[in-house]
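Trainee: Model the structure of this input:
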Amino acid sequence: MDIKDYILKIGIEAKKASFATASATSLQKDNFLNNLAHRILANKVSIIANNKKDLIQAEKDNQDESFIDRLTLNEKNITSMADGLLEIEKLEDPIGQIINQKTMKSGIEVSQMRVSLGVIGMIYESRPNVTIDAAGLAIKSGNAIILRGGSESINSNKYLGELITQSLQESGINTNAVQIIEIIDRQAVSELITMNKFVDVIIPRGGKSLIKKITDDAKIPVIKHLDGNCHIFVDEFADIQASINIVDNSKTQRLGTCNTLESLVVSSKIAKDFLPKIKKIFDKKNIEIRGCHETKKIISNVKQADEQDYYEEYLGPIISIIIVDSIEEAIEHINKYSSKHTESIITKNVDNGKKFIREVDSSSVMINTSTRFADGFEYGLGAEIGISTDKFHARGPVGLEGLTSLKYIVLGKGQIRK
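Mentor: Just a heads-up that it's a prediction; the model follows:
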């Protein structure tokens with residue numbers, strides 16, 4: 001069977017399965033989530049062994065530390081995967097929910113019902129934990145999903161796919177509701193994103209080149225998960241120690257995630273006090289600073305930032321810094337260079353906090369906390385299938401509701417329009 005026929009077969013099976021998942025009971029879906037969570041915990045050793053095959057290849061390919069970090073499955077993040085499924089299980093089933101009920105002058109009753117999207121095509125790189133998060137969210141929201149992970153995580157994804165299939169079967173849900181594309185040829189992606197008879201939406205997660213290819217070539221609606229050039233603005237009214245703690249956590253807790261701090265904006269009125277202190281921490285943790293001219297006047301041994309640095313998602317031990325004279329200038333800078341993912345302000349000034357969250361145009365905007373909280377699990381969504389930087393349909397971490405749509409329900413008692 002050639003690649004086109006292989007993907008077509010998967011699409012046909014997914015479409016058939018989507019009708020079954022759309023009508024699956026809440027009990028069936030929750031049983032699947034619970035079953036898969038416990039199956040993951042019971043098979044930690046095998047998961048790590050299969051992941052090790054991918055890690056060995058990644059090392060042979062000279063992948064960097066951040067890449068290896070995203071690819072690695074260990075006891076801690078395997079437990080987190082299971083915990084995410086159990087959190088999704090606790091959430092209310094969105095399918096069939098009725099909202100916005102009203103009775104019109106004609107006497108008809110109009111409302112909206114939440115329904116599944118149908119078949120989701122998910123294309124992602126590096127992170128095998130996405131396989132589990134996506135499967136759990138898709139089934140709970142009544143969808144079928146086709147998963148195409150990167151070649152670098154093929155062994156991990158294939159094994160996790162086996163666990164998913166076993167859990168679907170035991171829960172009485174069509175096993176084609178979650179399918180893993182097991183071939184690594186890039187033609188598989190090209191076929192998937194043009195299969196509009198069988199796939200209802202495409203969700204890509206990965207680098208800019210992947211997102212661009214899919215956005216340019218897809219014949220199916222796309223929910224984009226773009227890069228995370230996240231900012232923190234240290235306002236003139238910021239608490240210095242709180243600023244140090246938040247900036248440190250946002251940048252160094254984990255370097256290779258989309259909610260990691262990449263660009264620091266600092267008020268000129270606080271910069272001389274704040275910058276030398278944060279530099280000490282960055283020096284200890286081997287974080288390279290690329291700063292503006294004013295930054296270089298305050299702290300030494302700093303590389304000069306160029307225009308591209310302010311656009312960059314480093315996913316590594318580098319951060320850009322710029323000093324500004326006002327909150328207006330900070331907001332202007334962030335809105336120009338941000339990827340519209342997550343931005344935070346550190347301030348004790350209530351009015352500045354309100355201004356920041358009102359005027360910064362990103363999917364998550366925060367006051368006095370770490371950008372690392374921009375995450376579906378931390379937002380109470382159980383998990384996320386991605387963080388959308390689009391403005392339509394879904395924005396920010398995409399959980400259950402982001403994988404559903406609404407249809408109008410109209411109830412009458414024989415009325416006719418006059």
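Trainee: switch to C-alpha atoms for all contacts and neighbour counts from now on
Mentor: Fine.
Trainee: Leu411: neighbouring residues, count only.
Mentor: For Leu411, the number of neighbouring residues by other CA atoms under 10 Å comes to 12.
Trainee: so it touches Gln112, yeah?
Mentor: No. Using CA atoms under 8 Å as the test, Leu411 is too far from Gln112 to be in contact (11.2 Å).
Trainee: Domain boundaries for the chain, per the record?
Mentor: Each domain of the chain is listed here as a residue range: 3-223, 230-373, per automatic domain parsing.
Trainee: Redo the ones you listed as TSV? Include mean pLDDT, mean neighbour count and distance to Pro397.
Mentor: Supplementary listing: these in TSV, determined by pLDDT from 0 to 100; neighbours: other CA atoms under 10 Å; distance: least, CA to CA, whole Å:
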stretch	mean pLDDT	mean neighbour count	distance to Pro397
domain 3-223	94	19	11
domain 230-373	96	20	8
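Trainee: Quick one: end-to-end distance for stretch 385-393.
Mentor: Chord length of stretch 385-393, first to last residue, is 14 Å (CA to CA, to the nearest Å).
Trainee: Just the mean pLDDT for it, thanks.
Mentor: Average pLDDT, stretch 385-393: 76.
Trainee: and that stretch, how far out from the chain's middle?
Mentor: Between the centre of stretch 385-393 and the centre of its host chain there is 8 Å, according to CA atoms, centre = their mean, to the nearest Å.
Trainee: Buried residues in it, which are they?
Mentor: Residues of stretch 385-393 classed as buried: 385-390 (neighbour count, 16 or more other CA atoms under 10 Å).
Trainee: which residues touch Ile240?
Mentor: Residues in contact with Ile240, defined by CA atoms under 8 Å, 6 or more residues apart in numbering, are 273-274.
Trainee: Over to the one 4 residues further on?
Mentor: Contacts of Ile244 were listed using CA under 8 Å, 6+ apart, and they are 274, 277-278.
Trainee: and which of these is nearest Pro94?
Mentor: Ile278 (44.4 Å; CA to CA).
Trainee: Mind telling me what element that closest one is part of?
Mentor: Secondary structure here is read from DSSP states H and E; on that basis Ile278 sits in helix 271-284.
Trainee: packing partners for that helix?
Mentor: Using 3 or more CA pairs under 8 Å, 6 or more residues apart in numbering; DSSP states H and E as the contact criterion, the secondary-structure elements in contact with helix 271-284 are helix 240-252, helix 293-298.
Trainee: Mind putting the ones you listed into JSON lines with distance to Tyr159?
Mentor: Shown next, in JSON lines, are the helices and strands packed on helix 271-284 (distance: least, CA to CA, whole Å):
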{"stretch": "helix 240-252", "distance to Tyr159": "31"}
{"stretch": "helix 293-298", "distance to Tyr159": "49"}
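Trainee: Which one, of those, ends up nearest to Thr194?
Mentor: Nearest to Thr194, of all these, is helix 240-252, at 37.9 Å by CA to CA.
Trainee: Gly402: how many residues sit nearby?
Mentor: By the criterion of other CA under 10 Å, Gly402 has 21 neighbours.
Trainee: Quick one: classify the spatially closest residue to it that is not a sequence neighbour as helix, strand or coil.
Mentor: Leaving aside its sequence neighbours, Gly402 sits nearest to Ala394 (CA to CA, 6 or more residues apart in numbering; 5.3 Å). Reduced to three states with DSSP: H, G, I helix; E, B strand; the rest coil, the structure at Ala394 is coil.
Trainee: can you give me phi and psi for Ala394?
Mentor: According to degrees, to the nearest 10, the main-chain angles of Ala394 amount to phi -130, psi 140.
Trainee: wait, doesn't it sit right on Leu400?
Mentor: No. Ala394 lies out of contact with Leu400 (CA under 8 Å); the separation is 10.5 Å.
Trainee: Which of these two has more residues huddled nearby?
Mentor: Neighbour totals were compared for Ala394 and Leu400, and Leu400 leads with 27 against 19 (other CA under 10 Å).
Trainee: Can you tell me how far that one is from Gly376?
Mentor: 10 Å.
Trainee: still on that earlier bit, out of the domains of the chain, flag the one nearest Gln415.
Mentor: For those, distance to Gln415 was read as CA to CA. The smallest value, 7.2 Å, belongs to domain 3-223.
Trainee: Pick out whichever of the contacts of Ile244 sits closest to Ala49.
Mentor: Comparing these against Ala49 with CA to CA places Ile278 closest, at 39.5 Å.
Trainee: list the contacts for the closest one?
Mentor: Listed by CA under 8 Å, 6+ apart, the contact partners of Ile278 are 244, 247-248.
Trainee: Let me have the residues you listed in a markdown table, adding distance to Val119 as columns.
Mentor: Conversion of the contacts of Ile278 to a markdown table gives the following (distance: CA to CA, whole Å):
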| residue | distance to Val119 |
| --- | --- |
| Ile244 | 45 |
| Val247 | 40 |
| Asp248 | 40 |
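Trainee: Out of these, which is nearest to Ile99?
Mentor: Distances from these to Ile99 were compared by CA to CA; the smallest belongs to Val247, at 40.5 Å.
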